[in-house]
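Participant: Okay, here's the prediction I keep looking at, along with the sequence it came from:
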Amino acid sequence: MPEGPPLNEDQINVVLDGVRPFLNVAGGSIDIASISGEMSVQPVITLEMTGASASLNSVKLEIEQRIQRHFMMSGLRITWAGASAKGGNAKRLW
């Protein structure tokens, strides 16, 4: 299986730059809130999205899938800043 690019802010922004224009149209944006465990088995990327799209799970799912395809990394978790823990904002992508 091919190996993806290194997990770092620049590479995450490569993916996010592909969706930012669509979010901007709706008056929103997306930024990296934090990256942890880059070298661990289960790295975590926390994203923060603003605007009308921030509450749409379908938009979040699309962004998560794009990140997963870009990095080709098992155990990668995407969380959303500002989402309630009760709502289960952390997603593990295989």
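Facilitator: Perfect, thanks for sending it.

Participant: For the rest of this, base every contact and every neighbour count on C-alpha atoms.
Facilitator: OK.

Participant: In the protein, which helix is the longest?
Facilitator: Counting residues, the longest helix found in the chain (DSSP state H) is helix 9-25.

Participant: and that helix, which residues are buried?
Facilitator: The neighbour-count check on helix 9-25 (16 or more other C-alpha atoms under 10 Å) flags 12, 13, 15, 16, 19, 23 as buried.

Participant: try stretch 55-75
Facilitator: 60, 63, 64, 66, 67, 68, 70, 71, 72, 73, 75.

Participant: again with stretch 76-85
Facilitator: 76, 77, 78, 79, 80, 81.

Participant: just to revisit the earlier point, next helix or strand past the longest helix of the chain?
Facilitator: Remark: after helix 9-25, the chain's next helix or strand is strand 29-36, criterion DSSP states H and E.

Participant: in that following strand, what counts as buried?
Facilitator: 29, 30, 31, 32, 35.

Participant: Tell me which of the buried residues of stretch 76-85 fall in helices.
Facilitator: Checked against DSSP H, the buried residues of stretch 76-85 include nothing in helices.

Participant: could I get these as a markdown table with pLDDT?
Facilitator: Formatted as a markdown table, the buried residues of stretch 76-85 follow (pLDDT from 0 to 100):
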| residue | pLDDT |
| --- | --- |
| 76 | 93 |
| 77 | 95 |
| 78 | 96 |
| 79 | 96 |
| 80 | 96 |
| 81 | 94 |
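
Participant: Is it possible to get CSV of these that adds distance to residue 51?
Facilitator: Converted to CSV, the buried residues of stretch 76-85 look like this (distance: C-alpha to C-alpha, whole Å):
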residue, distance to residue 51
76, 25
77, 23
78, 19
79, 17
80, 14
81, 14
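
Participant: Which one of the residues you listed is nearest to residue 47?
Facilitator: residue 80 (4.9 Å; C-alpha to C-alpha).
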